[in-house]
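Peer 1: need coordinates for the below:
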Amino acid sequence: MNQAVITGAGGALGNAIAAALKSPDWEIFGPPSADLDVCDQTVVQRYFARQSVDLLVCAAGTTCDMPLARLTESAWDEVFDVNFKGALNCARAALPRMVERRSGHIIFISSFSALHPPVGQVAYATAKAALLGLTKDLARSHGCDGIRVNVILPGFFKSRMTASVTAQRREAIRAAHLLGRFNRAHEVAKFVRHLHHDLPHTSGQVFQLDSRIS
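Peer 2: This next block holds a predicted model:
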C-alpha cells in the first residue's frame, strides 16, 4: 500500500490532488492544520515518525499582499513560515524513511509569482522562490538515494486564496495568459498524478502549468 501525505489538503488544490490519487493502491492522508501544523517542527517530526511516505505533496500556503514598507514583521514571518518553512519541515521529516527505503517523491507547490513577482506580493513571492532552490538542492543531494523532488507552478485558479482578487485584477491576470484562460484545480491535480506515476525518471524540475511566459 502506497502512502501519500498532502499538506494544505483542506484547500481546493489539496482536495483535488487527494481525489486524483485515490485508488485501492493508495492510502491518502490530508491532515488538517489542527493535526499537522507545518510551522511547528516538533509536531511535524512527530507526525512523520508515524508515516512511511511514498509521496509528499506540500500544498499548504497563505498570502498577505502588500508592499514591503507596509508589511509587518509578523505578517512576513507567517507567510514565509507556511509557504517555505512548512514545506521544508515536512520534507526534512519525511526524508529519513525515504532514504532508508531508497525511494520516495516530494512535490512542492510553488507559484508563477516566484519567477515574476507582482507588485505587493513580496513575502509570498520570496517564499515561493525559495522552494525552487530547495527543490534543486534536495533533488541533487538525494538522487543517489532514489528520491525524486520536483516543483509545480500551478497557475491562477479558483481557491480560497484567490477569492479576494477583484474582477478587474482577475481579468488583467487572464489577459497575461497566452490562451486567455485559467487552470482548474482538478487539472493541476491530474498533472501531479501524471508526474508521480508516469515520469519515474524525472527529478529536480520546475513545471509551470499555465500559459504565461513573462
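
Peer 1: all strands of the protein, in order?
Peer 2: In the chain, the segments counted as strands under DSSP state E are 2-7, 26-29, 55-58, 104-109, 147-153, 206-208.

Peer 1: and those strands: which comes nearest residue 40?
Peer 2: For residue 40, the closest of the strands of the chain is strand 2-7, at 12.5 Å, according to CB to CB. Where C-beta positions appear, they are placed from N, C-alpha and C, glycine not excepted.

Peer 1: buried residues in the closest one?
Peer 2: 4-7 (16 or more other CB atoms under 10 Å).

Peer 1: now do stretch 11-21
Peer 2: The neighbour-count check on stretch 11-21 (16+ other CB under 10 Å) flags 11-18, 20-21 as buried.

Peer 1: of the strands of the chain, which stretch is the most buried?
Peer 2: When the strands of the chain are scored by mean count of other CB atoms under 10 Å, the highest mean neighbour count falls to strand 55-58 (a mean of 27).

Peer 1: so what does it touch, helix or strand wise?
Peer 2: In terms of contacts (3 or more CB pairs under 8 Å, 6 or more residues apart in numbering; DSSP states H and E), strand 55-58 is packed against strand 2-7, helix 12-21, helix 86-101, strand 104-109.

Peer 1: strand partners of it, parallel vs antiparallel please.
Peer 2: Counting by DSSP bridges, the strands paired with strand 55-58 are strand 2-7 (parallel), strand 104-109 (parallel).

Peer 1: before we move on, back to that, in JSON lines: the buried residues of strand 2-7, plus distance to residue 132 and pLDDT.
Peer 2: Shown next, in JSON lines, are the buried residues of strand 2-7 (distance: CB to CB, whole Å; pLDDT from 0 to 100):
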{"residue": "4", "distance to residue 132": "22", "pLDDT": "97"}
{"residue": "5", "distance to residue 132": "21", "pLDDT": "97"}
{"residue": "6", "distance to residue 132": "20", "pLDDT": "97"}
{"residue": "7", "distance to residue 132": "18", "pLDDT": "96"}
